[in-house]
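Enquirer: Next comes the sequence, and after it the predicted model I'd like to discuss.
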Amino acid sequence: EGDKIPSIDLFEDSPANKVNVADLCAGKKVILFAVPGAFTPGCSKTHLPGYVEKAGDLKGSGATEIVCVSVNDPFVMSAWGKQHNATGKVRMLADPAAAFTKALELGADLPPLGGLRSKRYSMVLEDGVVKSLNVEPDGTGLSCSLADKIKL
């Protein structure tokens, strides 16, 4: 908390569409949450759907953007977002090389999911500065990083 978000490119929909996280957050209030993997049970049944469902309330309370990040490729993130009707509610950004995850030091080695993945967390950013950070105690659980726990 208190640190600026790193200037790292993530990908939206395809490898051709780079989204720089620092630029995305500049001058905005952004909710960013990360999951261990797209299409995984906890992420698909609870985590992403909660943010999609509460997107209107969160944006009505001051969030400019809601962003989901995972160590997956952009095609997988796009398909996962479409499956959950995230379009226009939650931006689905891919961190395929885990560059963003490593920069935040929020990686977890999960061999059954392919090795290095992101811990499950949420954060609120104001003008690119981390105002609050909620990292699941075990890195993958579903408690403090859910949509209904966000304080704007």
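Expert: Okay, I see it. Just so it is clear, the model here is predicted, and its values are computed rather than measured.

Enquirer: What average pLDDT does the longest helix along the chain get?
Expert: Criterion DSSP state H: the longest helix present in the chain is helix 48-60. Averaging pLDDT along helix 48-60 gives 97.

Enquirer: where does it sit relative to the chain's centre, distance-wise?
Expert: When C-alpha coordinates are averaged (C-alpha atoms, centre = their mean, to the nearest Å), helix 48-60 and its chain have centres 13 Å apart.

Enquirer: Note down every partner strand of whichever helix or strand comes after that helix and its orientation.
Expert: Downstream of helix 48-60, the first helix or strand assigned by DSSP states H and E is strand 65-70. Paired strands of strand 65-70, with direction, are strand 29-35 (parallel), strand 91-94 (parallel) (DSSP bridges).

Enquirer: Not counting its own residues, what contacts the helix or strand encompassing Phe100?
Expert: For Phe100, the element it lies in under DSSP H and E is helix 99-104. Contacts to helix 99-104, defined as C-beta atoms under 8 Å, 6 or more residues apart in numbering, come from residues 6, 8-10, 21, 34, 69, 71, 95, 107, 116-118. (C-beta placed from N, C-alpha, C; glycine too.)

Enquirer: Which pLDDT value belongs to the closest residue to Glu126 other than its chain neighbours?
Expert: Excluding the flanking residues, the one nearest Glu126 by C-beta to C-beta, 6 or more residues apart in numbering is Lys29, at 5.3 Å. On pLDDT, Lys29 comes in at 98.

Enquirer: From start to finish, how long is stretch 105-116 in a straight line?
Expert: 11 Å (C-alpha to C-alpha, to the nearest Å).

Enquirer: outside of the helix or strand bottoming out on mean pLDDT in the chain, which residues touch it?
Expert: The least trusted helix or strand in the chain, going by mean pLDDT, DSSP states H and E, turns out to be helix 41-42, with a mean of 88. The list of residues contacting helix 41-42 from outside it, by C-beta under 8 Å, 6+ apart, reads Val35, Pro36, Arg120, Thr140, Leu142.

Enquirer: Which element, helix or strand, includes the residue nearest to the second one when sequence neighbours are not counted?
Expert: Taking C-beta to C-beta, 6+ apart as the measure, Pro36 lies nearest to Arg117, with 4.5 Å between them; neighbours along the chain are not counted. Using DSSP H and E, Arg117 sits in strand 115-118.
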